[in-house]
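In: Give the three-dimensional model of this entry:
(one chain, ligands or ions: 1)
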Amino acid sequence: MSDKPVRVRFAPSPTGGLHIGGVRTALYNYLLAKQLGGKMLLRIEDTDQARFVEGAEEYIIEALSWVGITIDEGVGVGGPHAPYRQSERKTIYMDYAMQLINSGKAYYAFDTSEELDAMRQTLESQGSAFQYNAATRTKLNNSLTLSEMQTKAKIEEGVPYVIRFKVPSKEEIRFKDIIRDWVLVHSSTVDDKVLMKSDGMPTYHLAHAVDDHLMEISHVIRGEEWLPSAPLHVLLYRAFGWEESMPQFAHLPLLLKPEGNGKLSKRDADSGGFPIFPLSWTTTDGTKAIGFREEGYLKEALINFLAFLGWNPGTEQEMFSMDELITAFSLEKINKSGAKFDIHKAKWYNQQYLKLSLDEELAKTYLPDYELDTAKKLTHLFKERVTFPQEIAQESERLLTTPTTYDEAIVASKWNIDAKNGITAFQHILPNIENFVADEIKHALHDELEKLGIKMGKMMQMLRIAIMGTGTGPDLMLSMEIMGKEEVNLRLEKALAELPNL
Ligand code: GLU
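Out: Next comes the predicted model:
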(Lines give C-alpha, C1' and ligand atoms only; values in the text may rest on other atoms or scores of the structure.)
Protein backbone atom coordinates (compact mmCIF):
# COMPACT_ATOMS: atom_id res chain seq x y z
CA MET A 1 0.00 0.00 0.00
CA SER A 2 1.42 3.34 -0.96
CA ASP A 3 1.29 6.46 1.14
CA LYS A 4 0.93 8.89 -1.72
CA PRO A 5 -0.82 12.18 -1.09
CA VAL A 6 -4.54 11.64 -1.42
CA ARG A 7 -5.77 12.52 -4.89
CA VAL A 8 -9.08 11.18 -6.12
CA ARG A 9 -10.98 11.76 -9.29
CA PHE A 10 -14.50 11.76 -10.56
CA ALA A 11 -14.32 10.69 -14.18
CA PRO A 12 -17.71 10.77 -15.84
CA SER A 13 -18.37 10.27 -19.52
CA PRO A 14 -20.44 13.07 -21.03
CA THR A 15 -23.06 10.75 -22.50
CA GLY A 16 -26.17 12.38 -21.06
CA GLY A 17 -27.56 13.56 -17.75
CA LEU A 18 -25.47 12.41 -14.81
CA HIS A 19 -27.24 9.50 -13.18
CA ILE A 20 -27.80 9.95 -9.45
CA GLY A 21 -25.43 7.01 -8.82
CA GLY A 22 -22.71 9.12 -10.39
CA VAL A 23 -23.38 11.85 -7.86
CA ARG A 24 -22.93 9.30 -5.08
CA THR A 25 -19.60 8.22 -6.62
CA ALA A 26 -18.50 11.84 -6.80
CA LEU A 27 -19.63 12.40 -3.21
CA TYR A 28 -17.67 9.46 -1.79
CA ASN A 29 -14.57 10.63 -3.66
CA TYR A 30 -15.05 14.13 -2.35
CA LEU A 31 -15.62 13.02 1.25
CA LEU A 32 -12.43 11.00 1.26
CA ALA A 33 -10.41 13.80 -0.30
CA LYS A 34 -11.66 16.39 2.17
CA GLN A 35 -11.23 14.13 5.16
CA LEU A 36 -7.63 13.36 4.32
CA GLY A 37 -6.68 16.83 3.13
CA GLY A 38 -6.39 15.60 -0.43
CA LYS A 39 -7.46 16.83 -3.83
CA MET A 40 -10.59 16.11 -5.84
CA LEU A 41 -10.19 16.01 -9.60
CA LEU A 42 -12.78 16.18 -12.35
CA ARG A 43 -11.76 14.39 -15.52
CA ILE A 44 -14.09 14.18 -18.48
CA GLU A 45 -13.83 10.82 -20.22
CA ASP A 46 -15.06 11.70 -23.67
CA THR A 47 -13.19 9.28 -25.89
CA ASP A 48 -16.31 7.50 -27.07
CA GLN A 49 -17.31 9.94 -29.75
CA ALA A 50 -20.41 8.01 -30.73
CA ARG A 51 -21.86 8.46 -27.27
CA PHE A 52 -20.83 12.07 -26.75
CA VAL A 53 -23.77 14.34 -25.92
CA GLU A 54 -23.65 18.11 -26.23
CA GLY A 55 -24.24 19.89 -22.92
CA ALA A 56 -23.52 16.86 -20.75
CA GLU A 57 -20.22 18.26 -19.47
CA GLU A 58 -21.79 21.56 -18.44
CA TYR A 59 -24.57 19.60 -16.79
CA ILE A 60 -22.11 17.54 -14.75
CA ILE A 61 -20.28 20.65 -13.58
CA GLU A 62 -23.52 22.37 -12.61
CA ALA A 63 -24.82 19.30 -10.79
CA LEU A 64 -21.64 18.94 -8.72
CA SER A 65 -21.65 22.61 -7.90
CA TRP A 66 -25.30 22.50 -6.86
CA VAL A 67 -24.76 19.71 -4.32
CA GLY A 68 -21.63 21.40 -3.01
CA ILE A 69 -18.94 19.08 -4.34
CA THR A 70 -16.08 21.40 -5.13
CA ILE A 71 -13.41 20.45 -7.60
CA ASP A 72 -9.78 21.24 -6.82
CA GLU A 73 -8.35 20.33 -10.17
CA GLY A 74 -9.74 19.41 -13.56
CA VAL A 75 -12.15 20.48 -16.25
CA GLY A 76 -13.46 23.95 -15.53
CA VAL A 77 -10.74 24.60 -12.94
CA GLY A 78 -7.44 23.68 -14.58
CA GLY A 79 -4.37 22.39 -12.80
CA PRO A 80 -0.88 20.99 -13.26
CA HIS A 81 -2.00 17.96 -15.27
CA ALA A 82 -4.16 19.81 -17.81
CA PRO A 83 -5.82 19.07 -20.12
CA TYR A 84 -8.35 17.08 -18.11
CA ARG A 85 -10.64 16.29 -21.02
CA GLN A 86 -9.51 13.00 -22.50
CA SER A 87 -10.29 13.96 -26.10
CA GLU A 88 -7.59 16.61 -25.72
CA ARG A 89 -5.03 14.03 -24.56
CA LYS A 90 -5.14 11.75 -27.60
CA THR A 91 -1.44 11.94 -28.39
CA ILE A 92 -0.50 11.07 -24.83
CA TYR A 93 -2.41 7.79 -25.06
CA MET A 94 -0.89 6.96 -28.42
CA ASP A 95 2.58 7.45 -26.95
CA TYR A 96 1.80 5.05 -24.14
CA ALA A 97 0.23 2.53 -26.49
CA MET A 98 3.40 2.68 -28.60
CA GLN A 99 5.47 2.12 -25.51
CA LEU A 100 3.62 -1.17 -25.01
CA ILE A 101 3.94 -2.07 -28.69
CA ASN A 102 7.67 -1.46 -28.54
CA SER A 103 8.11 -3.58 -25.45
CA GLY A 104 6.07 -6.42 -26.99
CA LYS A 105 3.18 -5.97 -24.55
CA ALA A 106 0.68 -4.83 -27.12
CA TYR A 107 0.17 -5.48 -30.82
CA TYR A 108 -1.61 -4.17 -33.89
CA ALA A 109 -4.70 -6.05 -34.97
CA PHE A 110 -6.12 -5.64 -38.47
CA ASP A 111 -8.99 -8.10 -38.22
CA THR A 112 -12.11 -7.00 -40.01
CA SER A 113 -15.43 -7.66 -38.39
CA GLU A 114 -16.01 -10.44 -40.97
CA GLU A 115 -12.78 -12.14 -39.94
CA LEU A 116 -13.69 -11.90 -36.29
CA ASP A 117 -17.17 -13.27 -37.01
CA ALA A 118 -15.71 -16.20 -38.92
CA MET A 119 -13.45 -17.04 -35.99
CA ARG A 120 -16.37 -16.70 -33.61
CA GLN A 121 -18.47 -19.07 -35.68
CA THR A 122 -15.73 -21.68 -35.97
CA LEU A 123 -15.20 -21.67 -32.23
CA GLU A 124 -18.89 -21.70 -31.43
CA SER A 125 -19.41 -24.69 -33.73
CA GLN A 126 -16.79 -26.45 -31.61
CA GLY A 127 -18.64 -25.49 -28.48
CA SER A 128 -16.36 -22.74 -27.21
CA ALA A 129 -16.88 -19.04 -26.86
CA PHE A 130 -14.69 -16.63 -28.75
CA GLN A 131 -12.25 -14.44 -26.95
CA TYR A 132 -9.32 -12.58 -28.44
CA ASN A 133 -6.64 -14.05 -26.22
CA ALA A 134 -3.53 -16.19 -25.98
CA ALA A 135 -5.35 -19.11 -27.59
CA THR A 136 -6.73 -17.24 -30.59
CA ARG A 137 -4.34 -14.37 -31.20
CA THR A 138 -1.92 -16.65 -33.05
CA LYS A 139 -4.60 -17.44 -35.61
CA LEU A 140 -5.82 -13.92 -36.28
CA ASN A 141 -4.82 -11.02 -38.48
CA ASN A 142 -2.37 -9.11 -36.31
CA SER A 143 1.22 -8.07 -35.92
CA LEU A 144 1.96 -11.28 -34.01
CA THR A 145 1.06 -13.43 -37.01
CA LEU A 146 2.27 -11.02 -39.69
CA SER A 147 5.90 -10.17 -40.28
CA GLU A 148 7.23 -6.79 -39.25
CA MET A 149 7.37 -5.77 -42.91
CA GLN A 150 3.79 -6.82 -43.57
CA THR A 151 2.60 -4.97 -40.53
CA LYS A 152 4.45 -1.84 -41.51
CA ALA A 153 3.10 -2.02 -45.04
CA LYS A 154 -0.49 -2.34 -43.82
CA ILE A 155 -0.14 0.64 -41.54
CA GLU A 156 1.40 2.69 -44.32
CA GLU A 157 -1.38 1.70 -46.72
CA GLY A 158 -3.88 3.01 -44.20
CA VAL A 159 -5.49 -0.34 -43.36
CA PRO A 160 -7.59 0.29 -40.24
CA TYR A 161 -6.18 -1.23 -37.09
CA VAL A 162 -6.63 -1.32 -33.37
CA ILE A 163 -3.96 -1.81 -30.73
CA ARG A 164 -4.64 -4.72 -28.40
CA PHE A 165 -3.09 -5.53 -25.08
CA LYS A 166 -1.17 -8.79 -25.08
CA VAL A 167 -2.37 -10.30 -21.87
CA PRO A 168 0.42 -12.38 -20.34
CA SER A 169 -0.59 -16.02 -20.36
CA LYS A 170 0.46 -17.22 -16.95
CA GLU A 171 0.16 -14.51 -14.38
CA GLU A 172 -1.71 -14.20 -11.16
CA ILE A 173 -3.51 -10.98 -10.60
CA ARG A 174 -3.99 -10.16 -6.97
CA PHE A 175 -5.17 -6.84 -5.70
CA LYS A 176 -6.86 -5.49 -2.65
CA ASP A 177 -10.13 -3.68 -3.00
CA ILE A 178 -10.81 -1.57 0.08
CA ILE A 179 -14.46 -2.62 0.11
CA ARG A 180 -14.21 -6.18 -1.19
CA ASP A 181 -10.85 -7.18 0.22
CA TRP A 182 -8.51 -9.37 -1.83
CA VAL A 183 -9.43 -10.20 -5.40
CA LEU A 184 -7.54 -13.02 -7.08
CA VAL A 185 -7.84 -13.67 -10.80
CA HIS A 186 -5.75 -15.62 -13.30
CA SER A 187 -4.64 -13.81 -16.44
CA SER A 188 -6.01 -16.65 -18.60
CA THR A 189 -9.49 -15.30 -17.86
CA VAL A 190 -8.65 -11.86 -19.22
CA ASP A 191 -8.93 -11.19 -22.96
CA ASP A 192 -6.73 -9.02 -25.15
CA LYS A 193 -8.70 -5.82 -24.80
CA VAL A 194 -8.46 -3.07 -27.35
CA LEU A 195 -6.37 -0.18 -26.06
CA MET A 196 -6.49 2.11 -29.10
CA LYS A 197 -9.46 2.13 -31.43
CA SER A 198 -9.32 2.47 -35.20
CA ASP A 199 -10.40 6.12 -34.91
CA GLY A 200 -7.19 6.91 -33.03
CA MET A 201 -9.00 7.26 -29.72
CA PRO A 202 -8.01 5.21 -26.70
CA THR A 203 -10.47 2.94 -24.97
CA TYR A 204 -11.50 3.63 -21.42
CA HIS A 205 -9.12 0.93 -20.17
CA LEU A 206 -5.98 2.53 -21.54
CA ALA A 207 -6.99 6.16 -21.12
CA HIS A 208 -8.05 5.97 -17.51
CA ALA A 209 -5.03 3.93 -16.43
CA VAL A 210 -2.62 6.34 -18.12
CA ASP A 211 -4.42 9.33 -16.67
CA ASP A 212 -4.71 7.91 -13.18
CA HIS A 213 -0.98 7.32 -13.27
CA LEU A 214 -0.02 10.69 -14.73
CA MET A 215 -2.46 12.54 -12.48
CA GLU A 216 -1.03 10.72 -9.46
CA ILE A 217 -4.35 9.35 -8.35
CA SER A 218 -4.13 7.61 -4.98
CA HIS A 219 -7.61 6.02 -4.84
CA VAL A 220 -9.88 4.88 -7.62
CA ILE A 221 -13.39 4.99 -6.17
CA ARG A 222 -15.91 3.94 -8.79
CA GLY A 223 -18.99 1.86 -9.44
CA GLU A 224 -19.10 -1.90 -9.07
CA GLU A 225 -19.61 -2.31 -12.80
CA TRP A 226 -15.87 -1.71 -13.20
CA LEU A 227 -14.81 -4.49 -10.85
CA PRO A 228 -14.63 -7.14 -13.63
CA SER A 229 -12.24 -4.87 -15.58
CA ALA A 230 -9.98 -4.19 -12.61
CA PRO A 231 -7.75 -7.27 -13.22
CA LEU A 232 -7.04 -5.99 -16.72
CA HIS A 233 -6.19 -2.61 -15.25
CA VAL A 234 -3.77 -4.18 -12.80
CA LEU A 235 -2.09 -5.97 -15.72
CA LEU A 236 -1.83 -2.67 -17.54
CA TYR A 237 -0.17 -1.00 -14.57
CA ARG A 238 2.19 -3.96 -14.42
CA ALA A 239 2.98 -3.74 -18.14
CA PHE A 240 3.88 -0.08 -17.78
CA GLY A 241 5.96 -0.80 -14.69
CA TRP A 242 3.66 1.26 -12.47
CA GLU A 243 2.32 -1.44 -10.19
CA GLU A 244 4.20 -0.12 -7.16
CA SER A 245 2.43 3.22 -7.35
CA MET A 246 -0.91 1.81 -8.48
CA PRO A 247 -3.92 3.54 -6.90
CA GLN A 248 -5.95 1.71 -4.30
CA PHE A 249 -9.30 0.48 -5.54
CA ALA A 250 -12.72 0.83 -3.98
CA HIS A 251 -15.65 -0.50 -6.00
CA LEU A 252 -18.93 0.91 -4.72
CA PRO A 253 -22.07 -1.20 -4.31
CA LEU A 254 -24.81 -0.97 -6.89
CA LEU A 255 -27.88 1.17 -6.41
CA LEU A 256 -30.83 -1.21 -6.47
CA LYS A 257 -34.46 -0.80 -7.40
CA PRO A 258 -36.70 0.38 -4.53
CA GLU A 259 -37.93 -3.22 -4.07
CA GLY A 260 -34.33 -4.35 -4.00
CA ASN A 261 -34.23 -6.70 -7.00
CA GLY A 262 -31.85 -5.61 -9.70
CA LYS A 263 -30.12 -2.45 -10.66
CA LEU A 264 -31.92 0.88 -10.40
CA SER A 265 -32.92 2.12 -13.83
CA LYS A 266 -34.42 5.20 -15.39
CA ARG A 267 -37.58 3.18 -15.91
CA ASP A 268 -37.86 2.46 -12.15
CA ALA A 269 -37.62 6.16 -11.53
CA ASP A 270 -40.31 6.93 -14.10
CA SER A 271 -42.70 4.30 -12.81
CA GLY A 272 -42.01 5.22 -9.18
CA GLY A 273 -42.48 8.90 -9.98
CA PHE A 274 -39.11 10.02 -8.66
CA PRO A 275 -36.09 11.65 -10.31
CA ILE A 276 -32.94 9.83 -11.35
CA PHE A 277 -30.96 12.92 -12.32
CA PRO A 278 -29.74 15.59 -9.90
CA LEU A 279 -30.96 18.39 -12.19
CA SER A 280 -33.58 18.30 -14.91
CA TRP A 281 -32.22 16.92 -18.14
CA THR A 282 -33.63 17.18 -21.63
CA THR A 283 -32.54 14.40 -23.95
CA THR A 284 -31.70 15.01 -27.59
CA ASP A 285 -35.16 13.81 -28.62
CA GLY A 286 -36.67 16.52 -26.42
CA THR A 287 -37.90 14.38 -23.53
CA LYS A 288 -37.48 16.17 -20.26
CA ALA A 289 -36.65 14.28 -17.10
CA ILE A 290 -37.19 16.28 -13.94
CA GLY A 291 -34.27 16.50 -11.54
CA PHE A 292 -34.03 16.26 -7.76
CA ARG A 293 -33.39 20.00 -7.61
CA GLU A 294 -36.46 20.92 -9.63
CA GLU A 295 -38.60 18.40 -7.76
CA GLY A 296 -37.85 20.40 -4.63
CA TYR A 297 -35.16 18.36 -2.92
CA LEU A 298 -32.79 20.42 -0.84
CA LYS A 299 -29.18 19.70 -1.60
CA GLU A 300 -28.47 18.93 2.07
CA ALA A 301 -31.19 16.28 2.00
CA LEU A 302 -29.98 14.75 -1.23
CA ILE A 303 -26.39 14.58 -0.02
CA ASN A 304 -27.38 13.02 3.29
CA PHE A 305 -29.60 10.48 1.49
CA LEU A 306 -26.90 9.58 -1.06
CA ALA A 307 -24.22 9.27 1.60
CA PHE A 308 -26.31 6.59 3.30
CA LEU A 309 -26.81 4.59 0.11
CA GLY A 310 -24.13 2.03 0.75
CA TRP A 311 -22.44 3.61 3.75
CA ASN A 312 -23.41 4.18 7.33
CA PRO A 313 -21.47 5.53 10.26
CA GLY A 314 -22.25 2.57 12.50
CA THR A 315 -24.09 4.83 14.97
CA GLU A 316 -27.71 5.92 15.36
CA GLN A 317 -27.09 9.36 13.89
CA GLU A 318 -28.91 9.88 10.60
CA MET A 319 -28.63 13.60 10.01
CA PHE A 320 -25.23 14.60 8.72
CA SER A 321 -24.15 17.91 7.25
CA MET A 322 -21.46 17.81 4.58
CA ASP A 323 -18.86 18.71 7.21
CA GLU A 324 -20.06 15.95 9.50
CA LEU A 325 -19.96 13.48 6.62
CA ILE A 326 -16.40 14.52 5.87
CA THR A 327 -15.44 13.71 9.45
CA ALA A 328 -17.39 10.47 9.78
CA PHE A 329 -16.87 8.94 6.34
CA SER A 330 -14.72 5.90 5.78
CA LEU A 331 -14.33 3.63 2.77
CA GLU A 332 -14.03 0.67 5.12
CA LYS A 333 -17.61 1.19 6.31
CA ILE A 334 -19.06 0.90 2.80
CA ASN A 335 -21.16 -2.22 2.28
CA LYS A 336 -20.42 -4.78 -0.37
CA SER A 337 -24.07 -5.46 -1.06
CA GLY A 338 -26.27 -3.22 -3.17
CA ALA A 339 -28.21 -0.34 -1.66
CA LYS A 340 -31.97 -0.09 -2.17
CA PHE A 341 -32.99 3.25 -3.55
CA ASP A 342 -35.70 4.09 -1.06
CA ILE A 343 -37.17 7.38 -2.21
CA HIS A 344 -39.28 7.62 0.98
CA LYS A 345 -36.06 8.05 2.86
CA ALA A 346 -35.07 10.88 0.54
CA LYS A 347 -38.41 12.55 1.24
CA TRP A 348 -37.95 12.07 4.95
CA TYR A 349 -34.57 13.78 4.76
CA ASN A 350 -36.12 16.58 2.79
CA GLN A 351 -38.73 17.16 5.50
CA GLN A 352 -36.05 17.17 8.17
CA TYR A 353 -33.88 19.67 6.34
CA LEU A 354 -36.86 21.81 5.48
CA LYS A 355 -37.70 22.08 9.18
CA LEU A 356 -34.13 23.11 9.89
CA SER A 357 -34.01 25.70 7.12
CA LEU A 358 -34.25 29.35 8.09
CA ASP A 359 -37.65 30.91 7.50
CA GLU A 360 -36.10 33.95 5.93
CA GLU A 361 -34.10 32.03 3.34
CA LEU A 362 -36.99 29.82 2.32
CA ALA A 363 -39.28 32.83 2.25
CA LYS A 364 -36.98 34.74 -0.08
CA THR A 365 -36.55 31.78 -2.43
CA TYR A 366 -40.00 30.30 -2.51
CA LEU A 367 -42.30 33.23 -1.71
CA PRO A 368 -40.59 36.06 -3.56
CA ASP A 369 -43.89 37.73 -4.42
CA TYR A 370 -44.94 38.28 -0.83
CA GLU A 371 -43.89 41.04 1.50
CA LEU A 372 -40.97 39.54 3.46
CA ASP A 373 -42.61 39.66 6.88
CA THR A 374 -45.71 37.84 5.61
CA ALA A 375 -43.56 35.43 3.61
CA LYS A 376 -41.61 34.54 6.76
CA LYS A 377 -44.78 33.91 8.73
CA LEU A 378 -46.20 31.74 5.95
CA THR A 379 -42.97 29.79 5.76
CA HIS A 380 -42.98 29.25 9.48
CA LEU A 381 -46.57 28.08 9.34
CA PHE A 382 -46.06 25.54 6.57
CA LYS A 383 -42.48 24.33 6.52
CA GLU A 384 -43.10 21.58 9.04
CA ARG A 385 -46.20 20.38 7.22
CA VAL A 386 -44.82 19.82 3.74
CA THR A 387 -42.20 17.67 2.01
CA PHE A 388 -41.07 20.05 -0.69
CA PRO A 389 -40.50 23.79 -0.34
CA GLN A 390 -42.63 24.74 -3.33
CA GLU A 391 -45.59 23.30 -1.42
CA ILE A 392 -45.13 26.26 0.93
CA ALA A 393 -46.11 28.52 -1.96
CA GLN A 394 -49.07 26.32 -2.88
CA GLU A 395 -50.30 26.18 0.70
CA SER A 396 -49.81 29.92 1.12
CA GLU A 397 -51.88 30.62 -1.90
CA ARG A 398 -54.59 28.35 -0.63
CA LEU A 399 -54.53 30.06 2.75
CA LEU A 400 -54.86 33.47 1.22
CA THR A 401 -57.74 32.54 -1.04
CA THR A 402 -61.22 33.09 0.42
CA PRO A 403 -62.98 29.71 0.58
CA THR A 404 -65.93 29.14 -1.69
CA THR A 405 -67.10 25.87 -0.16
CA TYR A 406 -67.41 24.55 3.38
CA ASP A 407 -66.73 20.94 4.38
CA GLU A 408 -70.19 19.45 4.32
CA ALA A 409 -69.65 16.63 6.77
CA ILE A 410 -68.29 18.97 9.41
CA VAL A 411 -71.04 21.52 8.79
CA ALA A 412 -73.64 18.74 9.19
CA SER A 413 -72.27 17.69 12.57
CA LYS A 414 -70.90 20.94 14.08
CA TRP A 415 -72.96 23.80 12.77
CA ASN A 416 -75.23 24.61 15.69
CA ILE A 417 -76.53 27.63 17.54
CA ASP A 418 -73.51 27.86 19.86
CA ALA A 419 -71.18 27.87 16.90
CA LYS A 420 -73.26 30.48 15.16
CA ASN A 421 -73.44 32.72 18.22
CA GLY A 422 -69.73 32.28 18.89
CA ILE A 423 -68.74 33.18 15.35
CA THR A 424 -71.12 36.14 15.26
CA ALA A 425 -69.73 37.44 18.55
CA PHE A 426 -66.18 36.96 17.34
CA GLN A 427 -66.93 38.96 14.25
CA HIS A 428 -68.32 41.76 16.40
CA ILE A 429 -65.26 42.08 18.56
CA LEU A 430 -62.79 42.01 15.65
CA PRO A 431 -62.55 45.82 15.53
CA ASN A 432 -61.51 45.84 19.19
CA ILE A 433 -58.47 43.65 18.63
CA GLU A 434 -55.93 46.36 18.11
CA ASN A 435 -52.81 44.31 17.70
CA PHE A 436 -54.02 41.62 15.33
CA VAL A 437 -51.56 38.87 16.22
CA ALA A 438 -52.22 35.23 17.07
CA ASP A 439 -52.02 35.55 20.88
CA GLU A 440 -54.20 38.62 21.06
CA ILE A 441 -56.78 37.13 18.73
CA LYS A 442 -56.90 34.02 20.86
CA HIS A 443 -57.32 35.94 24.11
CA ALA A 444 -60.03 38.15 22.71
CA LEU A 445 -61.94 35.18 21.36
CA HIS A 446 -61.52 33.25 24.58
CA ASP A 447 -62.73 36.15 26.75
CA GLU A 448 -65.73 36.79 24.55
CA LEU A 449 -66.81 33.17 24.50
CA GLU A 450 -66.43 32.97 28.26
CA LYS A 451 -68.77 35.92 28.65
CA LEU A 452 -71.32 34.18 26.49
CA GLY A 453 -70.83 30.86 28.26
CA ILE A 454 -69.81 29.08 25.04
CA LYS A 455 -67.04 26.50 25.31
CA MET A 456 -64.20 27.26 22.92
CA GLY A 457 -63.89 23.58 22.04
CA LYS A 458 -67.53 23.55 20.93
CA MET A 459 -67.08 26.00 18.15
CA MET A 460 -63.41 25.95 17.14
CA GLN A 461 -63.89 23.53 14.30
CA MET A 462 -66.73 25.56 12.86
CA LEU A 463 -64.62 28.70 13.20
CA ARG A 464 -61.96 26.97 11.14
CA ILE A 465 -64.56 25.96 8.57
CA ALA A 466 -65.81 29.57 8.39
CA ILE A 467 -62.29 30.90 7.88
CA MET A 468 -60.71 28.15 5.77
CA GLY A 469 -63.53 26.03 4.41
CA THR A 470 -61.78 22.81 5.51
CA GLY A 471 -61.48 20.96 8.78
CA THR A 472 -57.73 20.58 8.85
CA GLY A 473 -54.90 22.97 8.28
CA PRO A 474 -52.22 24.97 10.00
CA ASP A 475 -52.58 26.88 13.26
CA LEU A 476 -55.78 28.90 12.96
CA MET A 477 -54.73 31.89 15.06
CA LEU A 478 -51.51 32.32 13.13
CA SER A 479 -53.42 31.89 9.90
CA MET A 480 -55.77 34.70 10.89
CA GLU A 481 -52.86 36.90 11.85
CA ILE A 482 -51.39 36.42 8.36
CA MET A 483 -54.69 37.04 6.56
CA GLY A 484 -55.29 40.22 8.51
CA LYS A 485 -58.31 41.56 10.28
CA GLU A 486 -60.13 42.75 7.21
CA GLU A 487 -59.95 39.43 5.43
CA VAL A 488 -61.00 37.54 8.57
CA ASN A 489 -63.97 39.87 8.87
CA LEU A 490 -64.93 39.25 5.25
CA ARG A 491 -64.64 35.51 5.61
CA LEU A 492 -66.78 35.45 8.75
CA GLU A 493 -69.40 37.57 7.13
CA LYS A 494 -69.46 35.36 4.05
CA ALA A 495 -69.67 32.18 6.11
CA LEU A 496 -72.51 33.50 8.24
CA ALA A 497 -74.37 34.40 5.10
CA GLU A 498 -73.70 31.17 3.27
CA LEU A 499 -73.89 28.51 5.97
CA PRO A 500 -77.35 26.94 6.31
CA ASN A 501 -80.00 28.70 8.35
CA LEU A 502 -80.51 27.18 11.75
N1 GLU B 1 -15.82 7.08 -17.42
C2 GLU B 1 -16.11 6.02 -16.52
C3 GLU B 1 -17.58 6.06 -16.16
O4 GLU B 1 -18.24 7.03 -16.46
C5 GLU B 1 -15.26 6.17 -15.29
C6 GLU B 1 -15.09 4.96 -14.46
C7 GLU B 1 -13.97 5.22 -13.46
O8 GLU B 1 -14.22 5.98 -12.51
O9 GLU B 1 -12.88 4.67 -13.63
O10 GLU B 1 -18.11 5.15 -15.60
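In: Could you tell me how far residue 227 is located from the ligand?
Out: Residue 227 is 11 Å from the ligand, where distance means Cβ to the nearest ligand atom, to the nearest Å. All C-beta atoms are positioned from the backbone trio N, CA, C, and that covers glycine.
In: can you check residue 446 too?
Out: 65 Å.
In: so how many other residues sit close to the closest residue to that residue other than its chain neighbours?
Out: Of all residues not flanking residue 446 in the chain, residue 456 sits nearest, at 6.2 Å (Cβ to Cβ, 6 or more residues apart in numbering). Here the number of neighbours of residue 456 (other Cβ atoms under 10 Å) works out to 14.
In: what do you get for residue 352?
Out: 16.
In: what do you get for residue 201?
Out: Neighbours of residue 201 using other Cβ under 10 Å come to 18.
In: Report the secondary structure element holding the closest residue to it other than its chain neighbours.
Out: Closest residue in space to residue 201, ignoring its immediate chain neighbours: residue 47 at 4.5 Å, by Cβ to Cβ, 6+ apart. Following DSSP states H and E, one finds residue 47 outside all helices and strands.
In: ok, residue 344 to the ligand distance?
Out: With Cβ to the nearest ligand atom as the criterion, residue 344 and the ligand are 28 Å apart.
In: What separation do you get for that residue and residue 241?
Out: 51 Å (Cβ to Cβ, to the nearest Å).
In: And for residue 348?
Out: 51 Å.
In: Show me which of the two is the more surrounded one.
Out: residue 348 (16 against 10).
In: now the more buried one, what's its secondary structure?
Out: At residue 348, secondary structure determined by DSSP: H, G, I helix; E, B strand; the rest coil is helix.
In: go on, the one 4 residues further on?
Out: When states are read from three-state DSSP, the local structure at residue 352 comes out as helix.
In: residues in contact with it?
Out: Listed by Cβ atoms under 8 Å, 6 or more residues apart in numbering, the contact set of residue 352 reads 301, 319.
In: Which pLDDT value belongs to it?
Out: Note on residue 352: pLDDT of 98.
In: ok, now which ones touch the residue in the stretch 401-502 of the chain positioned nearest to the ligand?
Out: Closest approach of the stretch 401-502 of the chain to the ligand (Cβ to the nearest ligand atom) occurs at residue 474, with a separation of 45.9 Å. Taking Cβ under 8 Å, 6+ apart, we find residue 474 in contact with 381, 382, 385, 395, 399.
In: can you do 10 Å?
Out: 378, 380, 381, 382, 384, 385, 395, 399, 468, 482 (Cβ atoms under 10 Å, 6 or more residues apart in numbering).
In: low-scoring stretches of the stretch 151-300 of the chain, by residue?
Out: Of all residues in the stretch 151-300 of the chain, none has pLDDT under 70.
In: Tell me the residues of it that contact the ligand?
Out: Proximity of the stretch 151-300 of the chain to the ligand, by Cβ under 6 Å from any ligand atom, involves residues 204, 208, 220, 222, 226.
In: Hmm, the residue nearest to residue 201 is touching residue 15, no?
Out: No. Using Cβ atoms under 10 Å, residue 47 is not in contact with residue 15, being 11.2 Å away.
In: higher neighbour count, the two?
Out: Taking other Cβ under 10 Å, residue 47 and residue 15 do not tie; residue 47 has more neighbours (25 against 15).
In: tell me the phi and psi of that one?
Out: Per-residue torsions, residue 47: phi -90, psi -10 (degrees, to the nearest 10).
In: Please report how far it lies from residue 379.
Out: 48 Å.
In: same deal with residue 459?
Out: Distance, residue 459 to residue 379, by Cβ to Cβ: 29 Å.
In: quick revisit: surely the residue nearest to residue 446 is in contact with residue 443?
Out: No. In this structure, residue 456 is not within contact of residue 443 by Cβ under 10 Å, at 11.4 Å.
In: Next, give phi and psi for the residue in the stretch 201-350 of the chain that the ligand sits nearest to.
Out: Closest residue of the stretch 201-350 of the chain to the ligand, Cβ to the nearest ligand atom: residue 222 (3.4 Å). The phi and psi values for residue 222, taken as degrees, to the nearest 10, are phi -150, psi 180.
In: Return the residues in contact with it.
Out: By Cβ under 10 Å, 6+ apart, residue 222 lies in contact with 9-11, 22, 25, 28-29, 208, 229-230, 249-252.
In: Counting only strands, which of the residues you listed make the cut?
Out: Of these, the ones assigned to strands by DSSP state E are 9, 10, 249, 250, 251, 252.
In: got the contact list for the residue nearest to the last one when sequence neighbours are not counted?
Out: Across the structure, with Cβ to Cβ, 6+ apart as the measure, the residue nearest residue 252 apart from its sequence neighbours is residue 223 (5.6 Å). Under the criterion of Cβ under 10 Å, 6+ apart, the contact partners of residue 223 comprise 19, 21, 22, 24, 25, 251, 252, 253, 254, 255.
In: Residue 223 and residue 24, how far apart?
Out: The gap separating residue 223 from residue 24 is 9 Å, by Cβ to Cβ.
In: Now for those two: what residues contact both?
Out: 252, 253, 255.
In: So the second one is in contact with residue 331, correct?
Out: I take that to be residue 253. No. Using Cβ under 10 Å as the test, residue 253 is too far from residue 331 to be in contact (11.9 Å).
In: what residues are shared contacts of those two?
Out: Contacts common to residue 253 and residue 331, judged by Cβ under 10 Å, 6+ apart, are 179, 311.
In: re earlier: narrow the ones in strands among the contacts of residue 222 to just the buried residues.
Out: Listed as buried from the ones in strands among the contacts of residue 222 are 9, 10, 249, 250, 251, 252; burial here means 16 or more other Cβ atoms under 10 Å.
In: Per-residue pLDDT of the residue nearest to residue 446, please?
Out: pLDDT at residue 456 comes out at 90.
In: Enumerate every residue touching it.
Out: Neighbour list for residue 456: 422, 442, 445, 446, 448, 449, 450, 463 [criterion: Cβ under 10 Å, 6+ apart].
In: got it, and residue 284?
Out: Contacts of residue 284 (Cβ under 10 Å, 6+ apart): 16, 53, 54, 55.
In: for residue 152, same thing?
Out: Going by Cβ under 10 Å, 6+ apart, residue 152 touches 108, 143, 146.
In: State the number of residues packed around the nearest residue to the first one once chain neighbours are set aside.
Out: This means residue 108. Leaving aside its sequence neighbours, residue 108 sits nearest to residue 143 (Cβ to Cβ, 6+ apart; 4.2 Å). Residues lying near residue 143 (other Cβ under 10 Å) number 22.
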